[in-house]
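Engineer: everything below, folded, please.
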Amino acid sequence: MSTDHKRFAPDQSVVVWGEVLWDRFPDGDKLGGAPANVAWHLGQAGGWAQLVSRVGDDDDGRRALDQLGEVVDTTLVQVDPERATGEVMVTLDGGEPRYTLVSGRAWERIACTELVRQAIDEAGVFVYGTLALRTPEGFAGWQAAEVASRRTCLRAYDLNLRPSDRGSNSLREVLVAALAAADLIKLNDAEVRMLGDWLGWADPLATLRADKPRVIAVTHGAHGSTLYGASDVIEIPGVRATPGGDNVGCGDAYLAILVHTMTLGWDLAACGHAASRWAAAVASARGATPSFEDAHILDLLEPAA
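Structural biologist: Numbering: from 1, shown residues only. Coordinates of the predicted model:
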């Protein structure tokens, strides 16, 4: 994989906010954390991805930064002198990942520093998820970053909800604020149902589309995705994955390529097709952050005729 990536104009740079984790699989560790996965695939595709996260002053943190640094700008990643780097215990059930999150880690208190504000002020896109917003410290940091993003950025929100998340007393506040800020929302079918149940919305997609002009991407796993634009609905067929991989990080990869191709000015349908191809390539490998050869990257990003 080449690390000589094209540098885009500042308004095409993407600041990604959120957790860096090590996914502890039975057969070894894989770098993860949904925002880190998004940054990885953005960078690997040739985009300018700047990750805002927090790791421990430990071997796991240094190893994460070394790996991410191949394709991601990690200068905004903070080092926590007290808390360890994040980790998640992962098991696979029929190819579907099951997660056990270890709490009290560095990523739970990401701060909006002056350097972060400056990077956001110069960026074109600000990407965030739910997990890093669920602690008071994390939510406060994100709120400051969101304010900084209002002047120049398209805000992209990936829900990444789990059924067990509902028990959090502050989750409703987080969801309402994160959704209200977003210009692009990515969620899957299960998350559409969760929003309806948790927020009392009879038709979550209609509610989100009526709120303000935005793009909503609903993924359907192997069955493709649906993109809701300002006035149109685009069905994107699924792409078959090569057997032997897993589904970890596929949604993160989809969002990364959707955002990346949007910064390149592609039409929404072409963005969706590229995102679907890339997600299938990730599903053909183990773990959320596989490395692709340059020729494979060019094939995945080739606009459909």
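
Engineer: now do stretch 121-136: distance to the chain's middle.
Structural biologist: Relative to its parent chain, stretch 121-136 has a centroid offset of 10 Å by Cα atoms, centre = their mean, to the nearest Å.

Engineer: and that stretch, what's buried?
Structural biologist: Neighbour counts over stretch 121-136 (16 or more other Cβ atoms under 10 Å) mark 123-133, 135 as buried. (Each C-beta comes from the backbone N, C-alpha and C, glycine too.)

Engineer: likewise stretch 182-193?
Structural biologist: Those would be 182, 184-188, 191-192, for stretch 182-193 by 16+ other Cβ under 10 Å.

Engineer: extract the C-alpha trace of that stretch and format it as CSV.
Structural biologist: The C-alpha trace of stretch 182-193 is given here as CSV (Å, rounded to 0.1, in the frame of the first residue of the first chain):
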residue,chain,number,x,y,z
ALA,A,182,-25.9,16.5,11.2
ASP,A,183,-26.1,17.3,7.5
LEU,A,184,-25.3,13.7,6.6
ILE,A,185,-26.6,10.8,8.7
LYS,A,186,-25.6,7.1,8.2
LEU,A,187,-27.5,4.4,10.0
ASN,A,188,-28.7,0.8,9.4
ASP,A,189,-32.2,-0.7,9.4
ALA,A,190,-31.9,-1.8,13.1
GLU,A,191,-30.9,1.8,14.0
VAL,A,192,-33.9,3.2,12.2
ARG,A,193,-36.1,1.0,14.4
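
Engineer: what residues does it touch?
Structural biologist: The contact list for stretch 182-193 (Cβ atoms under 8 Å, 6 or more residues apart in numbering) reads 154-159, 161, 179, 195, 204-205, 208, 212, 214-221, 251, 254-255, 258-259, 262.

Engineer: pLDDT on stretch 112-121, on average?
Structural biologist: The pLDDT scores in stretch 112-121 average 97.

Engineer: so where is the protein shaky, pLDDT-wise?
Structural biologist: Judged by pLDDT under 70, the chain has its weakly predicted residues at 1-11, 95-97, 167-169, 303-305.

Engineer: the same query, at a cut-off of 50, please.
Structural biologist: In the predicted model of the chain, residues 1-10, 305 satisfy pLDDT under 50.

Engineer: show me what the longest strand belonging to it is packed up against.
Structural biologist: If you go by DSSP state E, the chain has its longest strand at strand 86-93. On a contact count with 3 or more Cβ pairs under 8 Å, 6 or more residues apart in numbering; DSSP states H and E, strand 86-93 meets strand 21-25, strand 96-101.

Engineer: go again with 10 Å.
Structural biologist: strand 21-25, strand 28-32, strand 54-56, helix 59-68, strand 96-101 (3 or more Cβ pairs under 10 Å, 6 or more residues apart in numbering; DSSP states H and E).

Engineer: nothing else from me, thank you.
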